[in-house]
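Trainee: Model the following, please.
(one chain, ligands or ions: 1)
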Amino acid sequence: MLDSIHVRGGNPLFGETKIQGSKNAVLPIMAAALLVEGVSVIENCPKITDVDHMQKLLTEIGCIIHWRNRSLYINASNANDNKMNSESVGKMRSSIMLLGAMLGRFGKAVMNYPGGCVIGARPIDIHLEALKKMGVSIEKEKSYFTATTDKLTGSVIELPIPSVGASENVILAAVNAKGVTILKNAAPEPEIVALCDFLKAAGAKIDIKEEKGKVIIVIYGGRALNPVTFRIPTDRIVAGTYMLGVLGVGGHVFLEDAPAGHMRAVIELAKEMNADVDITDKGIAVLADCIAKPIPYLETDIYPLFPTDLQSQLLSILTIADGESVICEKIFEDRLKIVPQLKKMGADITVNGNTATIRGVNRLKGTKVKAKELRGGAALVIAGIIAEGNTIISKRHFIERGYEDIARDFRNLGVIINNV
Ligand code: UD1
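Mentor: Below you'll find the model as predicted:
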């Protein structure tokens, strides 16, 4: 079956693998390149399909883009089109990131409602409300909307929840706005910091501070952005996925370049589940027994707490932990849709609303399963690694949205696994 991953499970993991650049950092930074007059050089860019899609969208509006090894050269000097192609936008949630950048660049953006993972409603109301406060009018049609502004104006904006995407859009619009924008209750994720670092390196003035546990970002608008070379940080979710993989079958691996400073929650959890984690300046070593301890209760939450993007992978591991675990998904309501696939492999899980109770079984059994979204797909690969016998995961393309080559990386760790 094409577009699938075949894995033979049951063996411990040994070896080293190098962690790719971060998907959630590179996408808004590619959008930010639209605000730069000249060529932005984005180093350590992951070769994933979400980056291909963003490249296509930027090319459609007039950017010239070139790859050299892992560096992406984006020349936005001649970008001139404020209308996004509907099909490309529908394929990728992060296309919404271009909204703030297009408003900053052209004062107008016409785009379809964005697509992406099927993990919940994923509305964009917070993005649109925040932009309205900066002088943007929105006209909604059935399948698309038009955002226009005569003059982007700095404003005080308090987000009702610290949405990652909405924070990124406000920052991108504010860089070219007249005056100062104070974004309160901004998302604290490291990818937001990476975006601000890129913009600052290009000449923007941005301050990030914390007050009473909430993040405030102050953007001083109106400074021209100059060409810059910027290195994308490594991907904390990819590194976390591989760290969790080891917990399922045991072993000893080294995750080169894993960004330990951004992985505190998953590292603490791995230790709680019985692993030894050794952090060096070159990466993270993980040593684990074959039987993980269960987790009595865990909620996904905003950074630095446990990320929703690792919830499904953790769920896979807990199916064979030594006892009962409970996980509550607080960010995206549909992330537990992976449960029927795990049950097909012999997992014992009960779902009640956004909470899953997982009773560890001795072994999962390999079978045919289907990826339906990015992180759930990675979780099925982990389930295949811990299962007895062969597992075929179809619809690999969902996983390729965020993992360069998950089979290659797990092969480096000794797993018998192939893309077919
Ligand atoms: C980003 C990440 C995604 C991660 C998520 C949470 C990227 C490309 N994607 O997604 O991998 O899982 O952060 O860490 O960086 N919401 C609204 N209205 C809005 C916007 C969001 O109700 O206008 C809700 C969402 O439905 C969700 C919650 O807010 O329940 C968090 O969403 P948000 O932080 O915006 O996530 P994304 O930016 O979509």
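
Trainee: what comes into contact with stretch 207-220?
Mentor: For stretch 207-220, contacts defined as Cβ atoms under 8 Å, 6 or more residues apart in numbering pick out 154, 162, 167, 170-171, 174-175, 177, 180-188, 192-193, 196, 204-206. All C-beta atoms are positioned from the backbone trio N, CA, C, and that covers glycine.

Trainee: redo that, cut-off 6 Å
Mentor: By Cβ atoms under 6 Å, 6 or more residues apart in numbering, the surrounding residues in contact with stretch 207-220 are I171, A174, V180, T181, I182, L183, K184, N185, A186, P188, K205, I206.

Trainee: quick one: which of those residues is nearest D257?
Mentor: P188 (22.5 Å; Cβ to Cβ).

Trainee: would you say the closest one is within a helix?
Mentor: No - per DSSP: H, G, I helix; E, B strand; the rest coil, P188 lies outside any helix segment and is coil.

Trainee: bridging residues for the closest residue to it other than its chain neighbours?
Mentor: Leaving out its chain neighbours, the residue that sits closest to P188 by Cβ to Cβ, 6 or more residues apart in numbering is V215, at 4.6 Å. Beta bridges link V215 to A186, E210 when assigned by DSSP bridges.

Trainee: what's the spacing between V215 and A187?
Mentor: 7 Å (Cβ to Cβ, to the nearest Å).

Trainee: Least confident secondary structure element in the chain?
Mentor: helix 86-91 (a mean of 69; mean pLDDT, DSSP states H and E).

Trainee: Alongside the ligand, which residues does the protein contribute?
Mentor: Applying Cβ under 6 Å from any ligand atom, we find that the chain lies next to the ligand at 24, 27, 93-94, 120-127, 161, 163-166, 187, 191, 308-309, 331-332.

Trainee: Pull out the buried residues from those residues.
Mentor: Taking 16 or more other Cβ atoms under 10 Å as the criterion, what is buried in the residues of the chain next to the ligand is 24, 27, 93-94, 122, 124, 126-127, 163-166, 187, 191, 308-309, 331-332.

Trainee: From the contact counts, what lies against the helix or strand following the least confident helix or strand of the chain?
Mentor: The helix or strand immediately downstream of helix 86-91 is helix 97-106, counting by DSSP states H and E. If you count contacts as 3 or more Cβ pairs under 6 Å, 6 or more residues apart in numbering; DSSP states H and E, helix 97-106 packs onto helix 23-32, strand 108-112, helix 164-175.

Trainee: Which of the ones you listed sits closest to L318?
Mentor: That would be helix 23-32 among those, by Cβ to Cβ, at 24.3 Å.
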